[in-house]
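**Q** sequence plus the predicted model coming up.
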Amino acid sequence: MDLKANIDLDKLPKHIAVIMDGNGRWAKKKGKPRVFGHKNGVQSVREISEACAEIGVEYLTLYAFSTENWSRPALEVNALMTLLVETVRREVKTLMDNDIRLAAIGDIENLPSKTQKALLEGIDTTKNNKRMTLVLALNYSARWEIRKAVQDLTEKVKNGDMASKDITDDIISQHMSTASIPDPELMIRTSGEQRISNFLLWQIAYAELYFTDIFWPEFRKENLYEAILDFQNRERRFGKTSEQIVL
Ligand code: IPE
Ligand code: IPE
Ligand code: MG
């Protein structure tokens, strides 16, 4: 079956968020070190970014490194940071060719300076691209982001720049690192785990969640199309009744 042809382009999620999980287990299954899994995960990033851009998804956010991931062995953390630098540098040309803008969310200032530099260069070079925005969540956690938003807002109230009664959902959204990005309608997690692991907690209030057993290094365009088709077959009610939606 041609999955891609069955996708209703008028009902595409504007923003897809992905928890890329299972690199380590995929590598272990093959008798290889975990880093082998991370390296192979890059091909999936390439394919999924390309597929999203091709069908017209406007934002793709990839969870690449959580604030909790610093607790992994130093060897793995260092390898991931190096891989990030290499990948961003290598892929800038492809991003330009495909008119994709690179963006990042998370505590970027506290990434190693080399990683930060490569990332900021990639963001700057691609800043005028229009077809799709590829957002990398790096040194990211939802609680970090929410804590920061609360700190910024309380500071503004304390300084008399705003009244606490004027804090709306929109104002809170504007204080998140995703301020200019619409909430994801679809969130995908690979590798069979069914949890959120501190990702976009505020923004996924009404996202459809999609879990697949496939490990990230094996996730291909067809798997993405399957997830989108599943999304398109769901009824998003936003608190209303089914009858109200049909009308
Ligand atoms: C996801 O794969 C990549 C990162 C978290 C950086 P994992 O490294 O978590 O792989 P598993 O879950 O151990 O298999
Ligand atoms: C979540 O995956 C973070 C990323 C994909 C970057 P983890 O593998 O770190 O999540 P847990 O620890 O299994 O919840
Ligand atoms: Mg994992």
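**A** Structure received. Ligands and ions are numbered 1, 2, ... in the order given.
**Q** which strand or helix spans the residue nearest the centre of the chain?
**A** A centroid search over the chain (CA atoms, centre = their mean) returns Thr61, at 2.3 Å, as the residue closest to the centre. For Thr61, the host element (DSSP states H and E) is strand 59-66.
**Q** and that strand, how far out from the chain middle?
**A** 3 Å (CA atoms, centre = their mean, to the nearest Å).
**Q** can I get it in PDB, CA atoms only?
**A** This file holds the C-alpha atoms of strand 59-66, laid out as PDB (Å, rounded to 0.1, in the frame of the first residue of the first chain):
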ATOM      1  CA  TYR A  59       7.700  22.300  12.200                       C
ATOM      2  CA  LEU A  60       9.500  19.200  13.300                       C
ATOM      3  CA  THR A  61      10.900  19.000  16.800                       C
ATOM      4  CA  LEU A  62      13.400  16.300  17.700                       C
ATOM      5  CA  TYR A  63      14.300  15.500  21.200                       C
ATOM      6  CA  ALA A  64      18.100  15.000  20.900                       C
ATOM      7  CA  PHE A  65      19.500  15.400  24.400                       C
ATOM      8  CA  SER A  66      17.600  15.900  27.700                       C
END
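**Q** flag every buried residue along the helix or strand just after that strand.
**A** Heading C-terminal from strand 59-66, the first helix or strand you meet, by DSSP H and E, is helix 74-97. By 16 or more other CB atoms under 10 Å, the buried positions in helix 74-97 come out as Ala79, Leu80, Met81, Leu83, Leu84, Val85, Thr87, Val88, Glu91, Val92, Leu95. (Glycine included, C-beta is placed from N, CA and C.)
**Q** show me what the lowest-mean-pLDDT helix or strand in the chain is packed against.
**A** When the helices and strands of the chain are scored by mean pLDDT, DSSP states H and E, helix 242-246 comes last with a mean of 89. Using 3 or more CB pairs under 8 Å, 6 or more residues apart in numbering; DSSP states H and E, no helix or strand is in contact with helix 242-246.
**Q** distance of the nearest residue to Pro217 once chain neighbours are set aside from Thr241?
**A** Spatially, and ignoring its direct neighbours in sequence, Pro217 is nearest to Asn40 (3.9 Å; CB to CB, 6 or more residues apart in numbering). Using CB to CB, to the nearest Å, Asn40 is found at 45 Å from Thr241.
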